[in-house]
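Peer 1: structure for this input, please:
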Amino acid sequence: MVVLAVVTSLGGCAGQEQSGSPAQRVSTWMNAGGGGSAIGNVEVASRNVDLALSRHNVPSAIKQVCALLSNEAQTGIGNLPTPDDQLTTEINAAYEVATAAGNDCFRGADGDRTLMARSTAERTRLIGLLDAVVAHVKRITGKTPTTETTAPQSGGDPFGGGS
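Peer 2: Numbers count the residues shown, from 1 in each chain. Below you'll find the model as predicted:
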């Protein structure tokens, strides 16, 4: 069963991301696994829900991808806070929408059209929220972060050599 988690407090671990310029702190946080790959995992999980629905998969398969979306979002929330308060707020909002989308999808997969429509709307909203997060990171660091779901290939650069 998927459980909707309400985040009332963001409590992450403090570390090296607390020193240096804002760009350095956010880059360090991204490199520590808190950012790009977590965003990418949520994006992929959301697309997998769309794919399962477009293929008219059985409810149990749809529930599985919906649960994964919620779980990826909760994992992302566990990586917060970021070194930038506004970025933390933006990412948390995206992950809360992703969690709701996954939960609504899970509960609606057996045929509740209202919940499925709400999940679709939430997943649509999610893409805009994640795009805004990536844009915010670029404003801070001057680089577009990679949202690849595997480890960065360019010497650990969380921006994957992005511009």
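Peer 1: show me what the helix ranked longest in the chain is packed against.
Peer 2: Among the elements of the chain assigned as helix by DSSP state H, the one spanning the most residues is helix 113-141. In terms of contacts (3 or more C-beta pairs under 8 Å, 6 or more residues apart in numbering; DSSP states H and E), helix 113-141 is packed against helix 22-29, helix 36-54, helix 85-108. Just so you know, the C-beta spots here come from the backbone N, C-alpha and C atoms, and that holds for glycine as well.
Peer 1: and among the ones you listed, the most buried is which?
Peer 2: With neighbours defined as mean count of other C-beta atoms under 10 Å, the helices and strands packed on helix 113-141 peak in mean count at helix 85-108, which reaches a mean of 22.
Peer 1: alpha carbons of that helix, as PDB, please.
Peer 2: What follows is the C-alpha trace of helix 85-108 in PDB, where atoms were taken according to Å, rounded to 0.1, in the frame of the first residue of the first chain:
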ATOM      1  CA  ASP A  85      16.100  27.700   0.800                       C
ATOM      2  CA  GLN A  86      14.100  28.600  -2.400                       C
ATOM      3  CA  LEU A  87      15.500  25.600  -4.200                       C
ATOM      4  CA  THR A  88      14.500  23.400  -1.300                       C
ATOM      5  CA  THR A  89      11.000  24.800  -1.400                       C
ATOM      6  CA  GLU A  90      10.700  24.300  -5.100                       C
ATOM      7  CA  ILE A  91      12.000  20.700  -5.100                       C
ATOM      8  CA  ASN A  92       9.900  19.800  -2.100                       C
ATOM      9  CA  ALA A  93       6.800  21.100  -3.800                       C
ATOM     10  CA  ALA A  94       7.600  19.000  -6.900                       C
ATOM     11  CA  TYR A  95       8.200  15.900  -4.900                       C
ATOM     12  CA  GLU A  96       5.000  16.400  -2.900                       C
ATOM     13  CA  VAL A  97       3.000  16.600  -6.200                       C
ATOM     14  CA  ALA A  98       4.800  13.500  -7.400                       C
ATOM     15  CA  THR A  99       3.900  11.600  -4.200                       C
ATOM     16  CA  ALA A 100       0.300  12.700  -4.600                       C
ATOM     17  CA  ALA A 101       0.300  11.600  -8.300                       C
ATOM     18  CA  GLY A 102       1.600   8.200  -7.400                       C
ATOM     19  CA  ASN A 103      -0.800   7.700  -4.500                       C
ATOM     20  CA  ASP A 104      -3.800   8.800  -6.600                       C
ATOM     21  CA  CYS A 105      -2.800   6.600  -9.400                       C
ATOM     22  CA  PHE A 106      -2.200   3.600  -7.100                       C
ATOM     23  CA  ARG A 107      -5.600   4.100  -5.400                       C
ATOM     24  CA  GLY A 108      -7.300   4.600  -8.800                       C
END
